[in-house]
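Asker: can't give you the sequence, but here's the structure:
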């Protein structure tokens, strides 16, 4: 009995001495190792929380999109996310949450998305919708940049999940996911008095002051001769133009049927563009209206419809 | 004279890798480049010498019944310390060797020498024995790595593990004529087998000579 006790004690003492030696060496080397962990990312981390103390932290991520997690002591957490968007080069970005769960930083590190479409994900119009949201919210998609924005939102959601799991926050799985419409790119103003004969606007006053106009668009006019190649069947665009004859004002322009190029022409038939016509002087055909860039023909189709309605109202 | 004999035992007569076939797992996995081989070799020498010294110093007080667990605690602690030091000061070596640093604990050479020599001999002798065996191990690893790197990539290179600066990088076999087989496990086995056979032949010849002289 005494022997066994002696043996056990001896082993315990040896282990204790070993443990002591280990913790001593650990004390020396651990800070160096920690510093190495964040050295690679230091520059990028500084973008999110300038001047903070960073440390690389462990994380569990089932999606495989989160490539690194860092804690800025006392300020928040930063996640480095890599996801595949539209181009073959992966998108790498960082998203930072503060300790309350609010998104305080969202910066791309690498991306080769389509200029003017996918690249909008990192421009003011979208980032202002991301920064300020909390980790419990849903993040919006970008119409016209679906592939890129879906990839980025998946990445944000992955980082969000890691953050929420760590903090114990439950995100609302049914949080509404909106779609942000792109800002209209307007240019090249055209007078309402222009010759729109090609558009063959057919006007009918269906109610007092309400004119239903059927007008050709890009697809049917086919100025370059290959509209039919995609196999899409084009039809006339139909607009309902309401004019207040007593006050000579255009009240509204509504697109009831769209028969033109989807993804391009529909920019000119959306509410944002048609709102330009509200409150126009319906007797003045000399005024210039902007057209939508890359949807010029469909914009002119709208102008042709409005011109026809105004002419009918002014008779 | 005896000391000299003991020291040189680790190189040819009792070569731990080609003669005693100890610690082969790491040998086959690590010996792809000179850097890795020498890095691993130095780590093993460090652990071997220190464990031999400590065990020899404590040999009179370690109770016989629990000597193996005690050896293991000592060796594991030393290996962990070495691993932490490598991680902090030579990170490129750390990522190259990876899990094999920790496998030094179960490298039979260490436990074998502790049991066969250190617990029966004085501190200085044990240290010398550890050094000899470690150098023999490193030399063997380097031989394999030389062949594998030369034939497998065509170039011989070595860089400072602490600062990553390249000390030399010579392309001996022109690119396109190298045999990538040697960087794989198959090549490792082939190289090892050939070198082990060569050592065996050498030792046999020596034994025959000794027999003839004895007659």
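Answerer: Structure received. A quick note: this is a predicted structure, and the numbers were derived from the prediction, not measured.

Asker: Pull up the per-residue confidence for the residue of the stretch 151-300 of chain A found nearest chain B.
Answerer: Closest contact between the stretch 151-300 of chain A and chain B, by CB to the nearest CB, is at residue A:162 (24.3 Å). Quick note: C-beta positions are derived from backbone N, CA and C, even for glycine. With respect to pLDDT, residue A:162 scores 87.

Asker: residues touching it, list them.
Answerer: By CB atoms under 8 Å, 6 or more residues apart in numbering or on different chains, the contact list for residue A:162 reads A:59, A:60, A:61, A:66, A:69, A:79.

Asker: Now with 6 Å, please.
Answerer: Taking CB atoms under 6 Å, 6 or more residues apart in numbering or on different chains, we find residue A:162 in contact with A:59, A:61, A:66.

Asker: helix/strand/coil for the first one?
Answerer: The one in question is residue A:59. coil (DSSP: H, G, I helix; E, B strand; the rest coil).

Asker: OK, contacts around the closest residue to it other than its chain neighbours?
Answerer: Using CB to CB, 6 or more residues apart in numbering or on different chains and skipping residues adjacent in sequence, the residue nearest residue A:59 is residue A:69, 4.1 Å away. Residues in contact with residue A:69 (CB under 6 Å, 6+ apart) are A:57, A:59, A:79.

Asker: and the gap between the second one and residue A:123?
Answerer: Per CB to CB, to the nearest Å, residue A:59 is found 29 Å from residue A:123.

Asker: which one of those two has more residues nearby?
Answerer: Between residue A:59 and residue A:123, residue A:59 has the larger neighbour count (other CB atoms under 10 Å in any protein chain shown), namely 18 against 12.

Asker: can you tell me which of the contacts of residue A:162 lies nearest to chain B?
Answerer: Closest to chain B, out of all of the contacts of residue A:162 and judged by CB to the nearest CB, is residue A:59, at 20.1 Å.

Asker: What values do phi and psi take at that closest one?
Answerer: phi -150, psi 160 (degrees, to the nearest 10).

Asker: ok, the host helix or strand of residue A:242: who's next to it in the sheet?
Answerer: Taking DSSP states H and E as the criterion, the element that holds residue A:242 is strand A:237-244. Sheet pairing for strand A:237-244, assigned by DSSP bridges, gives strand A:210-215 (antiparallel), strand A:249-257 (antiparallel).

Asker: Pick the most deeply packed of these.
Answerer: Burial of the strands paired with strand A:237-244 is given as mean neighbour count (mean count of other CB atoms under 10 Å in any protein chain shown); strand A:210-215 ranks first at a mean of 22.

Asker: which residues are contacting that one?
Answerer: For strand A:210-215, contacts defined as CB under 6 Å, 6+ apart pick out A:199, A:201-206, A:236-242, A:301, A:304-305, A:308-309, A:312.

Asker: Make a ChimeraX selection of the buried ones in those.
Answerer: Buried members of those, defined by 16 or more other CB atoms under 10 Å in any protein chain shown, are picked up in ChimeraX with:
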select /A:199,201,203,236,237,238,239,240,241,242,301,304,305,308,309,312
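
Asker: Around residue A:50, count how many other residues there are.
Answerer: 9.

Asker: now the strands for chain B?
Answerer: Counting by DSSP state E, chain B has strands at residues B:155-159, B:166-171.

Asker: Provide a list of residues in contact with residue 127.
Answerer: Since you didn't name a chain, this refers to chain A. Here residue A:127 is in contact with residue A:106 (criterion: CB under 6 Å, 6+ apart).

Asker: let's do chain B instead
Answerer: So residue B:127 contacts B:49, B:52, B:53 (CB under 6 Å, 6+ apart).

Asker: so which of these comes closest to chain A?
Answerer: residue B:53 (14.1 Å).

Asker: Which pLDDT value belongs to the closest one?
Answerer: 92.

Asker: Could you report the neighbour count for it?
Answerer: Neighbours around residue B:53, by other CB under 10 Å: 16.

Asker: For it, give me its contacts.
Answerer: B:123, B:127.

Asker: Could you say which of the strands of chain B is packed most deeply?
Answerer: When the strands of chain B are compared using mean count of other CB under 10 Å, strand B:155-159 is most buried, at a mean of 16.

Asker: Please name the residues that touch residue 96.
Answerer: You didn't say which chain, so I picked chain A. Counting by CB under 6 Å, 6+ apart, residue A:96 has contacts A:48, A:76, A:78, A:104, A:105.

Asker: Can you look at chain B instead?
Answerer: Contacts of residue B:96 (CB under 6 Å, 6+ apart): residue B:36.

Asker: Might you list the low-confidence residue ranges for chain B?
Answerer: Residues of chain B that meet the criterion pLDDT under 70 lie in B:1, B:10.

Asker: center of it, which residue is that?
Answerer: residue B:137 (2.8 Å; CA atoms, centre = their mean).

Asker: Surely that one and residue B:14 touch.
Answerer: No: the criterion here is CB atoms under 6 Å, and residue B:137 misses it with residue B:14 at 11.1 Å.

Asker: So what's the residue count around residue B:27?
Answerer: 24.

Asker: Could you give the backbone dihedrals for the residue nearest the centre of chain A?
Answerer: For chain A, residue A:142 is the residue whose C-alpha lies nearest the centre (CA atoms, centre = their mean; 3.4 Å). Backbone torsions of residue A:142, given as degrees, to the nearest 10, read phi -110, psi 120.

Asker: Contact partners for the residue lying closest to residue A:142 once chain neighbours are set aside?
Answerer: The spatially closest residue to residue A:142, leaving aside those adjacent along the chain, is residue A:149, at 3.9 Å (CB to CB, 6+ apart). Counting by CB under 6 Å, 6+ apart, residue A:149 makes contact with A:121, A:141, A:142.
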